[in-house]
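# I'll drop the sequence and a predicted model, then ask my questions.
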Amino acid sequence: MGKTIQFESHKVELPFIYSLEHDEDVLEFYDQPPAFKINYQGSSGRNLGFFYTPDFFVIRTNSAGWVECKTLSELKSLIVKHPHRYSRGEDGQWHSPPASEQAVQFGFDFYIQSDNQINWILYRNITFLEDYYRTNVNTDNANRTQLIRAIVQEQPGITLWELLYKADLKNADEIYELIATEKIYVDLKSTLLVEPERCRVFCDQLSGAAYNLMVSSQTSTDKISSPVINLIPNTPINWDGKSYNLVQIGDTEITLRATEGNFIDLPLSEFESKIRQGKITASLLQHSNCNDDKIKSILLKASSKDLEDANRRYKSIEPILAGQAIENPTISERTLRDWLAKYRQAQQNFGYGYIGLLSCSNKKGNRNRKLPQVTLELIEKFITQAYETHKQKRKYEVYGAFSNACVNAGIPPDQIPSYKTFINEIKRRSGWEQTKAREGHRAAYPQKAFYWELEQTTPRHGDRPFEIGHIDHTKLDIELRCSLTGQVLGRPWATFLVDAYSRSILAVYLTFDSPSYRSCMMVLRICVMRHSRLPQIIVTDNGKEFHSNYFESLLALFECTLKHRPPAASRFSGVCERLFGTANTQLLYNLAGNTQITKKIRLMTKSVNPKNLAVWTLGLLYLYLCEWAYSEYDTTEHPALAISPKQAFTSGISQYGSRAHRLIPNDETWRILTLPTTQSGKVKVHPAKGIQIRGIHYWNSVFRDPLIQKTDVEARYDPFDVGIAYAYIRGQWVKCISEYYAIFKGRSEKEIWLATAELQKRNSNHDKQLTVRAKKLAEFLSTAEAEEVLLTQSLRDAQGKEVFQVIDEVRQKESFLEQLNFPSNTTEEINNNNLESSPSSLDITKLPQNLQSFDSY
């Protein structure tokens, strides 16, 4: 109806709404219709009257009326409280006599819907398909629909599990969409979609109904025996609970052989008498496996009209099968006897009586080719040698040559096939092969059958995408310069997250910092930004960063399993190790400043020194590294897969489902949850100073609340901006500002760590007086060494911000590839942008004296 329907009960009203939405007999329904007055006698004997508002008003094909929805427990309570308002009939149906009296006056009905009348299987299925019912986008693909229907038509009653496996489509969602749009049929009232091994799929509802009738007519072979005994040798029979075989049938006697081997001779008259008395019966039916093939063949040959006729015939003889008389028969008795005989004969031969009711009249008659074999061979010769060639001759010219050949072969003119027949023979051969022969493989490619199965040439790591992911770091073989000063900053570290199943690169991160939990944090962030999920199992080496409390806690939060590779076993890291070599050979070794020459250090001169040839910056290299990883590498055939990682990834998602329930929203909450925290994960709120993280106090006005003060709260800090932190207060994360925000703003944790490490190394004598420490600090600040250490890290952090800028820009775009159209002056633009936001020198004298060492725990 395209209207919004309100409901109050999720246990009765909502399932009832779903049932109305999918009931073909329902034309319209409305919630909360206008009230009408009802009168009834209360339990005290007093007459009561009030305006009553039913839950729904339903208009059906042949009726209309009000509906009240109540749970069974509510009705049992109401019938005690208001015995004259509610009642329960002998059939178990609940009634409201005063409401029904008012409804009858208008020619309407009134009935009560209880929760025990709800088909919960149907409700669960409708809920499962709700997303497909609500979509307004037509994602139907004719080729895939035709493929799925062909599989279902070839195997009627195929389980949903088998269909999901055989179809091997882009996404299992496509099959569920076809079910929701009834382009393939599933009995949603009796089978659950969440149990695919039990759920059977058909082309249409008629086929499903025929299958159900056939199953209901199936003979139980361990209880029912054949009523007919064939008097031929080796026929098995039952007599007084024992099994015998007919050995010899004479004119006056019959010989039986027991299973023990002894023989019994019976007069033929006595044998027939025992059959009439029911003492001798045919042996239990034993159906061979070939019956299944026969049944399948008969069903495949049956048309929709045949199935419809068989369903009608079954309904006609169903009372007779149940031992009941037919009331007001509209079919002659002779016809019923004929159908019943065919039903029982099929029941005896196949175990399914329904098979005997299929007439398959459209398959009757002579199905052989009418044309002589010589003529058919001549037609095929001209089609293959004259029509299916690169000359692309027209059908009419080929037919003319064929006609002349028939005359020369002595075929009478009245026996030469017509032009229409010749065209039909060409159409019988149409398809990929014919188009390829006439127009080439490129033109025939759209007609080529899809390759739905992925062959395995090497053992896969995991059974599906996102089951196992490998994280590893490598130092890239290239020297980089600073985009601000031109100073050579050294070789960067790259962190890769690789899907083991498809070898696809899920995320890549570039930084000057050595491997730490910060690199792990960023590669996981990028993975969620690109795919909105994390691998179920993450495999790493035994690096310190992978054994940190932060990293383990983050993976546990999102139910990811962490596994460590055995130490000194590089083959266990073959997925990433092979990727490192590929990145070098395909990308880095083609760039200026690569360090290949350093492997032959004795041959290196100043003119070929990579540090002198370095021209690339961190931000620009990260752009091209992402383009290579997400585009070039992902679409190139992988030698271990025989297809590209993207194809393997897409195929795996299609076959094993998209698993949308594992999606992680790439929002601010996710970003905060990936930030590191303290050793305990919580900090105490100080009334005046706020929270303290690693010796630095952070403040937010919410800390003034007396109910929050002196309580333990969850806290996290940003390793790339130590000036801010986050605290989890009253169900949300609040941003806190450092007491030294003016100093720490925009400063990374690594930069602060270098400064505090130098201070702690120089001021290791804590027994000295403060004046001595101040003197030491002044001497330290005056040295060029301190300036050099902090300046280099400050420049590296500035280059790292270019990487963050790329990541943020990509996150805001729908397609990553759109970001890879680089202008010629990319480097100059990056330089200009960074000059404006270049960090100033860090004054170490303003650092707090109680700073803790910023170790990467």
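The structure has been received and is ready for your questions.

# which SS state does F57 fall under?
strand (DSSP: H, G, I helix; E, B strand; the rest coil).

# helix/strand/coil for the nearest residue to it once chain neighbours are set aside?
The shortest distance from F57 to any non-neighbouring residue, by CB to CB, 6 or more residues apart in numbering, is to P33 (3.9 Å). Every C-beta, even on glycine, is put in place using the N, C-alpha and C of the backbone. Secondary structure, three-state DSSP: P33 is coil.

# the residue lying farthest from the centre of the chain and A258: what is the separation?
Centroid-distance maximum for the chain: T252 at 72.0 Å, with CA atoms, centre = their mean. Distance of T252 to A258, computed by CB to CB, to the nearest Å: 21 Å.

# likewise for I653?
For I653 relative to A258 (CB to CB), the value is 63 Å.

# repeat that for N212.
Taken as CB to CB, the span from N212 to A258 is 42 Å.

# neighbour count: I653 and A258, which is higher?
I653 (18 against 13; other CB atoms under 10 Å).

# so who does the nearest residue to that one once chain neighbours are set aside touch?
Spatially, and ignoring its direct neighbours in sequence, I653 is nearest to P465 (5.6 Å; CB to CB, 6+ apart). P465 makes contact with 499, 501-502, 504, 649, 652-653, 656, according to CB atoms under 8 Å, 6 or more residues apart in numbering.

# mind checking the SS state of P465?
P465 - assigned by three-state DSSP - is coil.

# what about the strands in the stretch 501-650 of the chain?
Using DSSP state E, counting those that start in this stretch, the strands found in the stretch 501-650 of the chain span residues 505-511, 537-540, 561-564.

# same thing with the stretch 1-150 of the chain?
Taking DSSP E, counting those that start in this stretch as the criterion, the stretch 1-150 of the chain carries its strands at 26-31, 36-41, 47-52, 56-60, 64-70, 87-88, 94-95, 109-114.

# pLDDT weak spots in the stretch 451-600 of the chain?
Across the stretch 451-600 of the chain, residues meeting the criterion (pLDDT under 70) sit at 451-463, 566-578, 580-581.

# if you set the cut-off to 80 instead, what comes out?
By pLDDT under 80, the weakly predicted segments of the stretch 451-600 of the chain are 451-464, 467, 483-485, 517, 536, 541-553, 556-557, 559-593, 595-600.

# any idea how many residues pack against the nearest residue to Q536 once chain neighbours are set aside?
Nearest non-adjacent residue to Q536, counting by CB to CB, 6+ apart: E467, 5.3 Å away. By other CB under 10 Å, the residues close to E467 number 17.

# next one: the one 5 residues further on
When counting by other CB under 10 Å, one arrives at 23 neighbours for D472.

# again, but for the one 4 residues further on
Residues within reach of L476, counting by other CB under 10 Å, total 21.

# which residues touch it?
Going by CB under 8 Å, 6+ apart, L476 touches 491-494, 510, 583-584, 588.

# mind listing the helices for the stretch 251-400 of the chain?
Assigned by DSSP state H, counting those that start in this stretch, the stretch 251-400 of the chain shows helices spanning 268-276, 289-301, 304-321, 333-350, 373-382, 395-408.

# save these as a markdown table, and put in distance to E627 and mean neighbour count too.
Supplementary listing: these in a markdown table, determined by distance: least, CB to CB, whole Å; neighbours: other CB atoms under 10 Å:
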| stretch | distance to E627 | mean neighbour count |
| --- | --- | --- |
| helix 268-276 | 86 | 14 |
| helix 289-301 | 52 | 13 |
| helix 304-321 | 54 | 17 |
| helix 333-350 | 63 | 16 |
| helix 373-382 | 53 | 15 |
| helix 395-408 | 50 | 15 |
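
# show me what W733 is bridged to.
Y728 (DSSP bridges).

# what about R369, distance to T375?
Going from R369 to T375 by CB to CB gives 9 Å.

# ah, wrong one, I meant T635
51 Å.

# got it, and H473?
In terms of CB to CB, H473 sits 74 Å off from T375.

# follow-up on the earlier one: highest average neighbour count across the strands of the stretch 501-650 of the chain?
Neighbour counts (mean count of other CB atoms under 10 Å) averaged over each of the strands of the stretch 501-650 of the chain peak at strand 505-511, with a mean of 25.

# hang on, the earlier thing: redo the strands of the stretch 501-650 of the chain as a markdown table? Include distance to K606.
Below are the strands of the stretch 501-650 of the chain laid out as a markdown table (distance: least, CB to CB, whole Å):
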| stretch | distance to K606 |
| --- | --- |
| strand 505-511 | 28 |
| strand 537-540 | 40 |
| strand 561-564 | 44 |
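
# nearest to F202, of those?
strand 537-540 (38.4 Å; CB to CB).

# strands paired with the closest one, and their directions?
With DSSP bridges as the test, strand 537-540 pairs up with strand 468-475 (parallel), strand 561-564 (parallel).

# ok, which of these comes nearest T540?
From the strands paired with strand 537-540, taking CB to CB, the stretch that ends up closest is strand 468-475, at 5.0 Å.

# which parts of that closest one are buried?
Buried residues in strand 468-475, counted by 16 or more other CB atoms under 10 Å: 468-474.

# and that strand, how far out from the chain middle?
26 Å (CA atoms, centre = their mean, to the nearest Å).

# what do you get for stretch 635-650?
20 Å.

# got the buried residues for that stretch?
Those would be 638, 640-641, 643-650, for stretch 635-650 by 16+ other CB under 10 Å.

# and it, how far apart are its ends?
11 Å (CA to CA, to the nearest Å).

# what about that stretch, average pLDDT?
Averaging pLDDT along stretch 635-650 gives 84.

# from R481, how far out is F512?
Taking CB to CB, one finds F512 at 12 Å from R481.

# quick one: common contacting residues for the two?
Taking CB under 8 Å, 6+ apart as the criterion, F512 and R481 both touch L489.

# which pLDDT does the model give the residue nearest to S114 when sequence neighbours are not counted?
Nearest residue to S114, sequence neighbours excluded (CB to CB, 6+ apart): L72, at 5.1 Å. L72 carries a pLDDT score of 84 in this model.

# count of residues packed around L72?
Counted with other CB under 10 Å, L72 comes out at 13.

# tell me who's in contact with the closest residue to M521 other than its chain neighbours.
Residue nearest to M521 in three dimensions, not counting chain neighbours: T674, with 5.1 Å by CB to CB, 6+ apart. For T674, the contact set (CB under 8 Å, 6+ apart) comprises 521, 524-525, 554.

# of these, which pair is most distant in space?
R525 and L554 (10.4 Å).

# neighbour count: these two, which is higher?
A count of neighbours by other CB under 10 Å puts L554 above the other of R525 and L554, at 22 against 18.

# for that one, which non-adjacent residue is closest in space?
Nearest to L554 is T674, by CB to CB, 6+ apart, at 6.2 Å.

# now do I643
Excluding its sequence neighbours, the residue lying closest to I643 (CB to CB, 6+ apart) is E637, at 6.1 Å.

# what's the answer for F29, then?
V58 (4.4 Å).

# looking at the helices of the stretch 251-400 of the chain, which has the lowest confidence?
With a mean of 70, helix 289-301 has the lowest mean pLDDT of those.
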